[in-house]
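[1] I'll drop the sequence and a predicted model, then ask my questions.
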Amino acid sequence: MSFPLEGNFSVKTAVLSCIETDRIPHAVIIDGDKGLGKHTLAMFLAKAGVCSEKEKPCGVCRNCHLAEIGSHPDIIVVSPEEGKKNITVAQIRSLRAGAYIKPHMAARKFFIVDGADLLNEQAQNAFLKVLEEPPAGVCFILIAQSKAALLDTIISRCVCFSLSVPDMSDSVKYIKSKTGLAENEIKTALEETSGNIGLAIQMLCGESDNSVGQDAKQFVSLISQEDYLGMLSITAKYEKNRVLAGEFLKEIKAFTAEEIRKNRDKAYRLKGLYEFYDALCGFEKSLITNINLSLLFSALCCKAENIAKNSN
Ligand SMILES: [Zn+2]
């Protein structure tokens, strides 16, 4: 799999060299503004770290597959619990305890601390204890908008990857390839978001992530009702824009992964769900090529209908 971020050449070189030489640091800070790809980079690194093939991350081995659906037992994401703003000291203590348990299936174990800059001092000090004597085979990835909020004692023990805004011309080219929109329009959006690709795309596509999520959720529920026309009418909204189409597929994948987790003990449903998940991965890949979106979505609805018929 190729490096997932635009620009950021020094980070790209450093990350790829860690992966190629199999020397992933035991603690990493990824910082940068919202929309620059911090989570994407964290997942890429973790996936490469658990991948069992030579070209890491291969994107097809069982480790990569589980990482992709957010089910890899050796990639643990720590983020604020529901209803809370910050990660608690108790969560950090349990992370610490977990760090001393050997990985389940990969050679390494990853803890991704999402929102590390929101840890209070007590929690940071609790975390420092495990950083001072890191267990072998463990990598901590701290995601922060700004590392300035972290204790110096933590920063000094981590390798920092600071993400920045890519060049205007690279960003324009990238967004154009994804949306097919006019350069002028893209430039205006980039100027208004200070060059932030993620935010600019959101602005240009005029849809909040939430509505794509709701459509995906509804789509997945229509599958079990075998409502083919309902599915087609939802996908029709995504036939004109590759970025939104990609977001939509990603959300359907997330809901399918959730269904897989919920149906662990129902073999008759699992087979179909796995098959559908694989098909979604295939559709995502074909999105990168210039496949016609109407064709892609009618194939998707058709696949969903077949799977529903076979497992209901
Ligand atoms: Zn792999």
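    Great, that's in hand.
[2] and residue 26, what does it touch?
    Contacts for residue 26 (CB atoms under 8 Å, 6 or more residues apart in numbering) come out as 134, 138-140. Using the backbone N, CA and C atoms, a C-beta is placed for each residue, glycine as well.
[3] from the ion, how far out is residue 154?
    Plainly put, residue 154 is 30 Å away from the ion if you go by CB to the ion, to the nearest Å.
[4] same for the helix or strand hosting that residue, what does it pack against?
    Element membership of residue 154 [criterion: DSSP states H and E] is helix 152-155. Here helix 152-155 touches helix 121-132, going by 3 or more CB pairs under 8 Å, 6 or more residues apart in numbering; DSSP states H and E.
[5] ok, and what's touching the helix it packs on?
    Helix 121-132 is contacted by residues 27, 86-89, 91-93, 95-96, 99, 113, 119, 140, 150-151, 153-154, 157-158 when judged by CB under 8 Å, 6+ apart.
[6] one more pass at 7 Å, please.
    By CB atoms under 7 Å, 6 or more residues apart in numbering, the list of residues contacting helix 121-132 from outside reads 27, 87-89, 92-93, 96, 99, 119, 140, 150-151, 153-154, 157.
[7] closest to residue 33 among these?
    Using CB to CB, residue 150 is the member of the contacts of helix 121-132 that lies nearest residue 33, at 16.2 Å.
[8] give me the number of residues near that closest one?
    Residues near residue 150, counting by other CB atoms under 10 Å, number 21.
[9] and it, how far is that from residue 34?
    18 Å (CB to CB, to the nearest Å).
[10] which residue, other than its chain neighbours, is closest to residue 43?
    Excluding the flanking residues, the one nearest residue 43 by CB to CB, 6 or more residues apart in numbering is residue 67, at 7.1 Å.
[11] next structured bit after the one helix or strand the one you found maps to?
    Using DSSP H and E, residue 67 falls within helix 62-68. Downstream of helix 62-68, the next assigned helix or strand under DSSP H and E is strand 75-78.
[12] how about that next one and the ion, touching?
    No. Judged by CB under 5 Å from the ion, strand 75-78 makes no contact with the ion; its nearest approach is 12.6 Å.
[13] pairing partners for that strand, with directions?
    Each strand paired with strand 75-78, and its direction, by DSSP bridges: strand 109-114 (parallel).
[14] quick one: residue 91 and residue 79 touch, right?
    No. Shown here, residue 91 and residue 79 do not form a contact pair, counting by CB atoms under 7 Å, at 8.8 Å.
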